[in-house]
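Q: Fold the following, please.
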Amino acid sequence: MVYTTAFDAVVSPHLRFGHWDNILMEENPANVGSILAFRPNATSMLFDNTAVIGSWIATNSSNTMASYEQYNRIVNNVTLAMPHAGITAAAKDPKNEIVQSAEFGNVGEYSLKASVVSSAVNVLCANVNEIEIAPLIYVTWPYATILISKDKPTQKLALADYANDVQLLPGESYLNSTVVDDIFEWGLKYHRQPPVFPMFPIEYNSIANVMMSNSDAIYLLIKASDALTSDYTLCKLTSFQYPACSTSCTISGLSGATLWSFCDDPNDKMGYDSSVPGSPTSRNFDGKNIGWDWVVSLSLNTEPTSANSSTSRMLANLISTNTSPRNSALNPSMPSISEALAVMAGNTLLLSKTDARFYHSWPSQNTSLEPRSYHQLWQGVFYLVPFLVFVTNVFCLVYLLLLAGLVTDYSKPQNLFALAVNNPPSGSMSGSCGAGPEGGQLSVDWHVKQDVSGHFYIQEGRGAELQMQGERFGMRNRSRTLNSKSSYSALSSKRSSIL
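A: A predicted model of the protein is given here:
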């Protein structure tokens with residue numbers, strides 16, 4: 001027990017608090033700049049035990065100041081790639097034979113990088129005025145069937161089945177054109193139909209549309225505060241598979257799991273596009289179906305009831321209302337509406353990839369594994385201790401095998417008593433039967449011997465002869481004195497006896 005405790009105390013690492021130190025801490029500035037690549041990454045949580053970090057991609061198209069110069073309006077275009085959520089489950093799958101932290105008493109840790117595709121979402125938002133967006137608002141059409149809101153008489157409401165009236169004009173292949181067709185890629189040039197909204201949303205509310213055929217997008221029309229702007233904000237969300245990414249995962253028994261994506265790095269050999277050259281960026285036409293459930297769950301479609309959703313209000317407060325190129329940069333102290341929508345949709349992308357495949361057309365993925373566990377720089381010195389213990393155990397095993405049989409332990413009282421009773425009287429112990437040995441008698445060495453008949457007896461060693469020569473006279477006088485006493489006087493003397 002002592003050996004085990006000492007071994008554990010010396011070799012096993014133990015944490016302890018250090019001394020208090022006075023240091024000067026720098027303030028963390030809230031200003032993070034207006035360049036998307038240097039703004040905070042999107043974060044999420046998977047299954048309440050895995051932290052997830054996404055990556056901003058295609059950041060060269062996210063310059064709002066350059067977009068304002070080009071389109072003469074605020075255009076907020078961001079793209080977010082999320083890691084593949086199936087990596088954590090694959091890392092723990094017994095088929096992959098990865099040693100888990102639980103096998104190290106929950107103190108181990110390992111990291112891996114997987115060459116897998118990432119799900120990405122693009123969010124494009126642009127400010128438009130009422131006249132510019134009117135061709136896509138049903139209640140502004142000449143023959144629209146409208147109702148008047150009881151709560152707000154100036155607001156026109158559409159019927160619930162307004163979509164039945166959305167028809168192409170004779171000879172036309174696409175719906176009404178607008179001044180923002182090139183921004184949102186609508187019309188004949190892009191082979192994409194624009195959305196049609198039933199009405200204008202009131203301030204701090206939003207309307208969603210996913211009903212356009214052959215479309216891969218979700219559309220939101222949001223109104224900011226009337227006191228700040230009379231414009232509306234139109235947003236388009238599309239999802240796709242992005243191959244220029246890899247997914248990294250760290251699983252620790254102490255701090256849990258972390259999952260993050262690395263994208264657009266030409267030096268990343270684990271990028272999916274490096275493993276599969278020429279892999280396409282594939283659009284997801286079914287994403288809008290999941291997206292509609294996402295819209296409903298977040299109450300982003302608050303019309304025609306004008307439900308005043310808190311989520312819509314939060315997004316409306318993130319809309320930039322600046323009207324000059326100089327002031328059109330991203331707010332350095334708060335996210336833009338496109339960033340917020342991307343992060344909100346990113347978690348849905350993450351969950352949708354939980355049981356999805358890792359590849360486009362190949363059966364497995366390239367993975368790099370880095371196990372990590374506790375080590376001490378000086379623990380190699382202590383390998384000598386268990387080695388010596390091992391050698392000693394081997395020696396004992398060989399000894400017992402060569403000298404097999406039972407061994408009598410003469411240190412046990414019953415064995416020692418039997419041996420003493422059956423042993424002849426000893427001259428060196430003469431005079432000690434009443435009070436026990438003393439003086440030089442205690443230095444006599446004894447040996448257990450066995451005669452030819454198999455009888456065991458105790459034999460005095462050479463120490464007995466030397467002791468007898470040095471104390472012969474004293475022992476003789478003591479013996480005479482003891483022999484002259486009666487049994488009573490011997491037992492009643494001042495000298496103590498164990499008898």
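
Q: Helices of the stretch 101-250 of the chain, start to end?
A: In the stretch 101-250 of the chain, the segments counted as helices under DSSP state H, counting those that start in this stretch are 130-133, 181-184.

Q: Please identify the buried residues of the first one?
A: Neighbour-count burial for helix 130-133, with 16 or more other Cβ atoms under 10 Å as criterion, is recorded at 132-133. Any C-beta I mention is one placed from the backbone N, CA and C, and that applies to glycine too.

Q: Please list the outside residues in contact with it.
A: For helix 130-133, contacts defined as Cβ atoms under 8 Å, 6 or more residues apart in numbering pick out 178-180, 200, 221, 230-232, 234.

Q: got the helices of the stretch 101-250 of the chain as CSV, with mean pLDDT columns?
A: Compiled in CSV, these are given as follows (pLDDT from 0 to 100):
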stretch, mean pLDDT
helix 130-133, 95
helix 181-184, 94
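
Q: Out of these, which gets nearest to Y162?
A: Nearest to Y162, of all those, is helix 130-133, at 16.1 Å by Cβ to Cβ.

Q: Following element in sequence after the host helix or strand of L388, please.
A: Counting by DSSP states H and E, the element that carries L388 is helix 384-402. Using DSSP H and E, the next helix or strand after helix 384-402 towards the C-terminus is helix 413-421.

Q: Which parts of that next one count as buried, going by neighbours?
A: Buried residues in helix 413-421, counted by 16+ other Cβ under 10 Å: none are found.

Q: circling back: now tabulate the helices of the stretch 101-250 of the chain in TSV and tack on distance to G105.
A: Listed next are the helices of the stretch 101-250 of the chain as TSV, based on distance: least, Cβ to Cβ, whole Å:
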stretch	distance to G105
helix 130-133	62
helix 181-184	56
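
Q: can you tell me which of those comes nearest to Q100?
A: Here helix 181-184 is closest among the helices of the stretch 101-250 of the chain (Cβ to Cβ), at 47.7 Å.

Q: Let's verify G440: helix, strand, or coil?
A: helix (DSSP: H, G, I helix; E, B strand; the rest coil).

Q: what number of residues lie near it?
A: 17 (other Cβ atoms under 10 Å).

Q: now swap in A58 and tell me
A: By other Cβ under 10 Å, neighbour count at A58 equals 18.

Q: do the same with P325
A: For P325, the neighbour count with other Cβ under 10 Å is 15.

Q: That one contacts T64, correct?
A: No. Using Cβ atoms under 8 Å, P325 is not in contact with T64, being 9.2 Å away.

Q: Helix, strand or coil: sort out I98 for me.
A: coil.

Q: Contacts only, for it.
A: Counted by Cβ under 8 Å, 6+ apart, I98 has contacts 91-92, 110, 112, 369.

Q: okay, among these, which ones form the most distant pair?
A: It's K92 and L369 that sit farthest apart of the contacts of I98, by Cβ to Cβ, at 12.9 Å.

Q: gap between G461 and W446?
A: 7 Å (Cβ to Cβ, to the nearest Å).

Q: Who has more neighbours out of the two?
A: A count of neighbours by other Cβ under 10 Å puts W446 above the other of G461 and W446, at 16 against 12.

Q: so what's that one bridging to?
A: W446 has these beta-bridge partners by DSSP bridges: E460.

Q: all strands for the stretch 51-200 of the chain, in order.
A: 55-57, 75-82, 109-114, 118-128, 146-148, 156-158 (DSSP state E, counting those that start in this stretch).

Q: list the buried ones in the first one?
A: Pointing back at strand 55-57 there. Buried, per 16+ other Cβ under 10 Å, within strand 55-57: 55-57.

Q: Same question for the last one.
A: Counting neighbours by 16+ other Cβ under 10 Å, one finds that the buried residues in strand 156-158 are 156-158.

Q: can you give me how far it is from the chain middle?
A: Averaging C-alpha positions (Cα atoms, centre = their mean, to the nearest Å) puts strand 156-158 50 Å from its chain's average.

Q: go on, the first one?
A: Remark: strand 55-57 is offset 21 Å from the chain centroid, using Cα atoms, centre = their mean.
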